[in-house]
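> Okay, sequence plus prediction incoming.
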Amino acid sequence: MQLTHLLQQESIGQESIEIAPSHIAKLEQFAQLLHEWNAIHNLTGAKSIDAIYHNIVDSLYPLNFIKKPTTLLDVGTGAGFPGLVLGIALPDTAVVLAEPLKKRISFLKYAMIDLELDNVTPQGKRVEELEYKPFELITSRAVTNTKLLLSLTKNLSDEKSRYLFYKGERVFDEMREIESDMLYDIIEKNRRNYLYIKEHRSL
């Protein structure tokens, strides 16, 4: 499979991202579905199958180093990166996708049904409008700066919550601007910086 080959290409050293063949099949199904919808509705800048595969691998890469959560909130999911992709790869994780744009939430709801993702719940709201118990992991990719993300999700997290933010070069400046006691790693891969906040006392 092409995606399998791509996952092997984008691995840590010689170790590929560990994912079940059945989940790879669903990821390929998702890629085809997004490609078809995107041609009409312009949901994402990833216009080709290869570009969609690249975004899938980007979403999956943190599975190499994060602790697997039982609950996950993805802020500003867009066309499903990383939240829907992680929902496919982690079928035992209850995933909530926060996405206020109507055409994107329509796609996410359709994809959830088409891919039979019982663990995924799309929410067509801004994250500050959501009412849930604290999530174990809160993710976001290319939405806003780290300080604002932490503020927006304050009521959806507690001292045990972890954060995984898909960032660019600005992440280092953003972390210097935050006055908080936290334990975090920044994992660099190509032009992506994965900010993984594992412990925090005050945000």
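Structure received. Numbers count the residues shown, from 1 in each chain.
> contacting residues for the nearest residue to Tyr132 once chain neighbours are set aside?
Spatial nearest neighbour of Tyr132, chain neighbours left out: Leu156 (5.8 Å); criterion: C-beta to C-beta, 6 or more residues apart in numbering. Yep, even glycine has a C-beta here, placed from its N, CA and C like the rest. For Leu156, the contacting residues are Leu73, Val127, Leu130, Tyr132, Pro134, Phe135, Ile138, by C-beta atoms under 8 Å, 6 or more residues apart in numbering.
> I figured Tyr132 hits Ala94, correct?
No. Counting by C-beta atoms under 8 Å, Tyr132 does not reach Ala94; the two are 9.8 Å apart.
> who's more crowded, those two?
Ala94 (18 against 14; other C-beta atoms under 10 Å).
> and that one, what are its phi and psi?
Here is the backbone geometry of Ala94 (degrees, to the nearest 10): phi -80, psi 120.
> shouldn't it be in contact with Leu73?
No. Under the criterion of C-beta under 8 Å, Ala94 makes no contact with Leu73, lying 9.6 Å away.
> that older thread, please tell me how far the residue nearest to Tyr132 sits from Lys102.
22 Å (C-beta to C-beta, to the nearest Å).
> In three-state terms, label Asn193 for me.
Recorded secondary structure, Asn193: strand (DSSP: H, G, I helix; E, B strand; the rest coil).
> Tell me the helix or strand right after the helix or strand of the chain with the lowest mean pLDDT.
The weakest-scoring helix or strand in the chain, judged by mean pLDDT, DSSP states H and E, is helix 2-9 (a mean of 52). Next helix or strand after helix 2-9 toward the C-terminus (DSSP states H and E): helix 21-41.
> which strands and helices sit next to that next one?
Where contact means 3 or more C-beta pairs under 8 Å, 6 or more residues apart in numbering; DSSP states H and E, helix 21-41 is packed against helix 2-9, helix 49-60, helix 83-89, helix 102-114.
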